[in-house]
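> Here is a sequence with its predicted model. Questions after.
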Amino acid sequence: MRLLGNKVKQYRKQKNMSQQELADGICTQATVSLMEKKNKIPSIKIMLQVCRRLNVSFNDILAGVGSGMDEQFDEISAAIRQENFRAAANLLAAVEMSDVASAFDRERYHYYRGFIELGAHERPDEAIFHFNLLLHRSYQMPWDLYAIVGNVGMAAAYLRRQELEKARYYLSEAVGYLDDFEWHDETDFRRLIWARYRIAQMYLELQQPQLVIESVESALRAVKQQASLYLIDVLYEIRGQAEVALSAKAAARRSLTIAKTLALVTHNIALQQRLAPAAGSALMD
């Protein structure tokens, strides 16, 4: 991975920013100068903040981040987020292993393979194997969102095996990474929200409704800040379910009503069908 300092300078000038204006509140002007003139990569946190201020992605200013596998992996990722694991499995089966050449691509491969083993084939042991390979690399780069989703995957696999303490451990690890994570593009934003939602689902299964609400609230803050509708309907649904578990009927009624309204906006037919009986059940005395 190599910084393209000339690109940083180009994007800065396009926004009529001085080096000091780009650096303000992020780093020193000298750091920006080293980035532009010497291609020096500062901390990843600084890189993320610089990207956000310039409204660019890592791919715009770094060489060696993307690959020819991006389009295939993006399709697999979308299928997994929609929980269409059979489609994801078919897409992954079409990937030529000879094309999975870079460390970044191998990391992504193990991430997708882990969720497919779990969701399509119901093989938690195989999933744990792939998530372990993913985490072994990601722990060298704790800023990487794959470290977060890898821990989410491990928690899901151990929950499937009914090893609840291990599931709680990996959920706690995922939450710790999420609390420190700063996303820099739409793809990372969606993975972050998806991870919060999956964590909330698992905490609900573990009968820890207060942790469900904490996870949902973190996701909703990010979604609202971005004026996004991504997963917002099901986030309200699961918050309502947690409030039912906490016997907070008024709060549950409010959350499920919002979820039902949003389901109409997002055309989420499955959620509309779920909420018909769920809302009535939640409102019963």
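Okay, I see it. Numbering: from 1, shown residues only.

> was I right about residue 239 contacting residue 255?
Yes - contact criterion CB atoms under 8 Å: residue 239 and residue 255 qualify, at 4.7 Å. For every residue, glycine as well, the C-beta is placed using N, CA and C.

> burial of residue 250, as a residue count?
9 (other CB atoms under 10 Å).

> Also residue 261?
Residues near residue 261, counting by other CB under 10 Å, number 13.

> Now for it, which secondary structure element holds it?
helix 249-265 (DSSP states H and E).

> And the average pLDDT for that helix is what?
Mean pLDDT, helix 249-265: 95.

> For that helix, buried residues please.
By neighbour count on 16 or more other CB atoms under 10 Å, the buried set for helix 249-265 is 251-253, 255-260, 262-263.

> Format the CA atom coordinates belonging to stretch 246-259 as CSV.
As requested, C-alpha coordinates have been extracted for stretch 246-259 and formatted as CSV (Å, rounded to 0.1, in the frame of the first residue of the first chain):
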residue,chain,number,x,y,z
LEU,A,246,-37.7,-5.3,29.1
SER,A,247,-41.5,-4.9,29.6
ALA,A,248,-41.3,-1.4,28.3
LYS,A,249,-44.6,-1.6,26.4
ALA,A,250,-45.0,2.1,25.6
ALA,A,251,-41.5,2.3,24.1
ALA,A,252,-42.0,-1.0,22.3
ARG,A,253,-45.3,0.3,20.8
ARG,A,254,-43.5,3.4,19.6
SER,A,255,-40.5,1.6,18.1
LEU,A,256,-42.6,-1.0,16.3
THR,A,257,-45.0,1.6,14.9
ILE,A,258,-42.0,3.5,13.5
ALA,A,259,-40.6,0.2,12.1
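
> Residue 177 touches residue 148, doesn't it?
Yes - at 4.4 Å, residue 177 counts as touching residue 148 under the criterion of CB under 8 Å.

> Which one's more surrounded, those two?
Set residue 177 next to residue 148 and count neighbours by other CB under 10 Å: residue 148 wins out with 26 against 20.

> Which parts of this protein are strands?
Ranges of strands in the chain, per DSSP state E, are 2-3, 62-63.

> Strand partners (parallel or antiparallel) of the last one?
Taking DSSP bridges as the criterion, strand 62-63 pairs within the sheet with strand 2-3 (antiparallel).

> now what about the partner strand, what contacts it?
For strand 2-3, the surrounding residues in contact (CB atoms under 8 Å, 6 or more residues apart in numbering) are 35, 39-41, 61-64.

> Now intersect the residues you listed with the helices, please.
Those of those mapping onto helices are 35, 61, per DSSP state H.

> sorry, back to before: determine the set of other helices and strands touching the helix holding residue 261.
helix 232-245, helix 269-283 (3 or more CB pairs under 8 Å, 6 or more residues apart in numbering; DSSP states H and E).

> show me the contacts for the closest residue to residue 236 other than its chain neighbours.
Spatial nearest neighbour of residue 236, chain neighbours left out: residue 259 (3.8 Å); criterion: CB to CB, 6 or more residues apart in numbering. Neighbouring residues of residue 259 by CB under 8 Å, 6+ apart: 233-234, 236-237, 240, 271, 275.

> Nearest to residue 97 among the residues you listed?
In terms of CB to CB, no member of the contacts of residue 259 lies closer to residue 97 than residue 234, at 34.4 Å.

> residues in contact with that closest one?
197, 259, 268, 271.
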